[in-house]
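J.: no FASTA, just this:
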């Protein structure tokens, strides 16, 4: 199963303050450990929210709000995508992140098979059915 | 962690075991020079954790805790086994000396030493003195941290069979006095290919279940992928290691697209490419690049990865570069000639230059003894015949393929195609 480890923003990350050389080295070492254990799929750090924007939806209307955003603790400053066997393994990996403060939120990524059929849009199911028929049709008339 | 319910602690211990067990066993095996004993010691440490951590909480550095506990058990054990006399006594001293030296190593989990130990463990578990079944079971057990029950479930064999296999494998290694080391020089290449073979076998066992209606067992694929990724970091200068990693990543990227809503298999060209996993495709292409950057001609795994990459890069089936795929199969056929590769080359030729060209090659394979029971031969032949409008022959081939496959869902699909040929072969009744 896959988990995202979401790194919450801090006043420093929002102010665009770069981490110390020690912190960068410790993080590099941690990333290397994730890679060597074969669990890391992807990971990225994000710029502060002043470089981002929000698009909000209301019916057909779209409203764009440029950053920065104020509610620092709800913002995301980076993520890892990891492949592990259990939520506990994800927690164990998150606990090893060399942070002195801050917070990491762990969220499980939906697997395809977890969608009950009624949630798959009917047109999707229809497309699948059509595709199977297409396979059979091709077999009949090459 | 204090204050967790005992069951939570048990799950936390499982997680620690998953992360630490291979390094733990590898580190111990270097000291006691016996992987069987090393695993027993690691298991003892795990039992101690299960007893103590629910009370005391999970220690700050659980890996180091397990290692030092295992080492103390080892010394106790060696001292208790007096009947083995002086020899073990000496080993005990050696062991304590090694412990002194080794203790700080474990603090830094990334030490080269540990990487070397892991690599020694991989090569030992995949040693040619063992049968293939034994290599697979031992690799999953020692490196994957899988329980006997999990391995048995994945391979659809009784738990007792797997347990026996592991016990025998450990005994064989001890009796043959297989040294706990990384092979050097000319031996390395052969031994490495044995390791890659075991990993790919595990992957394929998960990717296309050989028996029953279960189309795939994703846990085995994930395990093989993890082992492949670990190997890519342990031996970063071997192109074939990256070739295998790339091949598995790209194949795995299609997992959710290759089964339809009612469990029926969907062939590569009929898959919804939007459902391919682009994280895995990107990883696979990067691994293939790593293999290429190391230089030299591509090996069999890298060639197969390059073929898989041709499909992964095509946004639609029509965009597929079949000429290139045919050329890659040609290179593969020269490097690792096999009738199965020829069969795949025939499919690529048919796609690149028309069904008649492909059929010409397939027809040279029908007498091939090793393909006698192989359902894909009549299945491919049936497909090419159908494309050429030879529907009656095609139907017979699909029926033969259906009678040969062991996968129930695949059989259904083949019978559907046979029936379609029969309908198509008859002249339309009226209108």
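T.: Done, it's in. This structure is a prediction, so every number in the text was calculated from the model and none was measured.
J.: I'd like to know how many residues surround residue 72.
T.: Picked chain A for this. 18 (other C-beta atoms under 10 Å in any protein chain shown). (Glycine included, C-beta is placed from N, CA and C.)
J.: oops, chain B please
T.: Residue B:72 has 15 neighbours, counted by other C-beta under 10 Å.
J.: I'd guess it is in a strand, am I close?
T.: No - Residue B:72 sits outside any strand when classified using DSSP: H, G, I helix; E, B strand; the rest coil, being helix.
J.: helices and strands of chain B: which one has the lowest mean pLDDT?
T.: The helix or strand of chain B with the lowest confidence, counting by mean pLDDT, DSSP states H and E, is helix B:85-107 at a mean of 52.
J.: Tell me who's in contact with the nearest residue to residue B:53 once chain neighbours are set aside.
T.: Distances taken as C-beta to C-beta, 6 or more residues apart in numbering or on different chains place residue B:9 nearest to residue B:53, at 5.4 Å, with adjacent residues excluded. Neighbouring residues of residue B:9 by C-beta atoms under 8 Å, 6 or more residues apart in numbering or on different chains: B:1, B:53, B:54, B:57, B:58.
J.: please redo it, this time with the cut-off set to 7 Å
T.: B:53, B:54, B:58 (C-beta atoms under 7 Å, 6 or more residues apart in numbering or on different chains).
J.: any chance of the residues you listed in JSON lines, plus neighbour count and pLDDT?
T.: Putting the contacts of residue B:9 into JSON lines (neighbours: other C-beta atoms under 10 Å in any protein chain shown; pLDDT from 0 to 100) gives the following:
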{"residue": "B:53", "neighbour count": "22", "pLDDT": "91"}
{"residue": "B:54", "neighbour count": "20", "pLDDT": "89"}
{"residue": "B:58", "neighbour count": "22", "pLDDT": "86"}
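J.: closest to residue B:173 among those residues?
T.: residue B:53 (31.3 Å; C-beta to C-beta).
J.: So that closest one is in contact with residue B:13, correct?
T.: Yes - the pair residue B:53 / residue B:13 is scored as a contact, 6.0 Å apart, by C-beta atoms under 7 Å.
J.: in the stretch 151-300 of chain B, which spans are helices?
T.: B:159-175, B:186-207, B:218-234, B:239-252, B:278-293, B:300-313 (DSSP state H, counting those that start in this stretch).
J.: Give me the buried positions along the longest one.
T.: Right, helix B:186-207. Residues of helix B:186-207 classed as buried by neighbour count (16 or more other C-beta atoms under 10 Å in any protein chain shown): B:191-207.
J.: hang on, the earlier thing: phi, psi of the residue nearest to residue B:53?
T.: Main-chain torsions, residue B:9, degrees, to the nearest 10: phi -60, psi -40.
J.: before we move on, what about residue A:56?
T.: Backbone torsions for residue A:56, taken as degrees, to the nearest 10, come to phi -110, psi 150.
J.: residues contacting it?
T.: A:63, A:65.
J.: give me the beta-bridge partners of it?
T.: residue A:63 (DSSP bridges).
J.: For it, give its distance to chain B.
T.: Using C-beta to the nearest C-beta, to the nearest Å, we find residue A:56 at a distance of 26 Å from chain B.
J.: Those residues of chain B touching chain A, which are they?
T.: Applying C-beta under 7 Å from any C-beta of the partner chain, one finds that chain B approaches chain A through B:11-12, B:14-16, B:18-19, B:109-110, B:222, B:226-227, B:229-230, B:233, B:256, B:260-261, B:264, B:270, B:279, B:283, B:386-387, B:389, B:416-417, B:420-421, B:423-424.
J.: Where does the prediction get shaky in the stretch 151-300 of chain B?
T.: Applying pLDDT under 70 to the stretch 151-300 of chain B flags residues B:208-216.
J.: let's see 80
T.: B:207-218, B:260-265 (pLDDT under 80).
J.: Mind checking which of the contacts of residue B:9 land in helices?
T.: B:53, B:54 (DSSP state H).
J.: Name the nearest of the contacts of residue B:9 relative to chain A.
T.: residue B:58 (8.8 Å; C-beta to the nearest C-beta).
J.: That closest one is in contact with residue B:10, isn't it?
T.: No - at 10.7 Å, residue B:58 does not count as touching residue B:10 under the criterion of C-beta under 7 Å.
J.: Give me the neighbour count for residue A:67.
T.: Neighbours around residue A:67, by other C-beta under 10 Å: 15.
J.: List the contacts of it.
T.: Contacts of residue A:67 (C-beta under 7 Å, 6+ apart): A:49, A:50, A:51, A:52, A:53.
J.: Quick check: the gap between the first one and residue A:8.
T.: Going back to what we said before, that points to residue A:49. In this view, residue A:49 and residue A:8 are 12 Å apart by C-beta to C-beta, to the nearest Å.
J.: Looking at those two, which one has more neighbours?
T.: Of the pair residue A:49 and residue A:8, residue A:49 is the one with more neighbours under other C-beta under 10 Å, namely 21 against 16.
J.: if I look at the more buried one, how far off is residue A:15?
T.: 11 Å.
J.: pLDDT at residue A:60, what is it?
T.: pLDDT, residue A:60: 94.
J.: count of residues packed around it?
T.: Counted with other C-beta under 10 Å, residue A:60 comes out at 5.
J.: Equivalent analysis for residue B:342, please.
T.: Using other C-beta under 10 Å, residue B:342 has 18 neighbouring residues.
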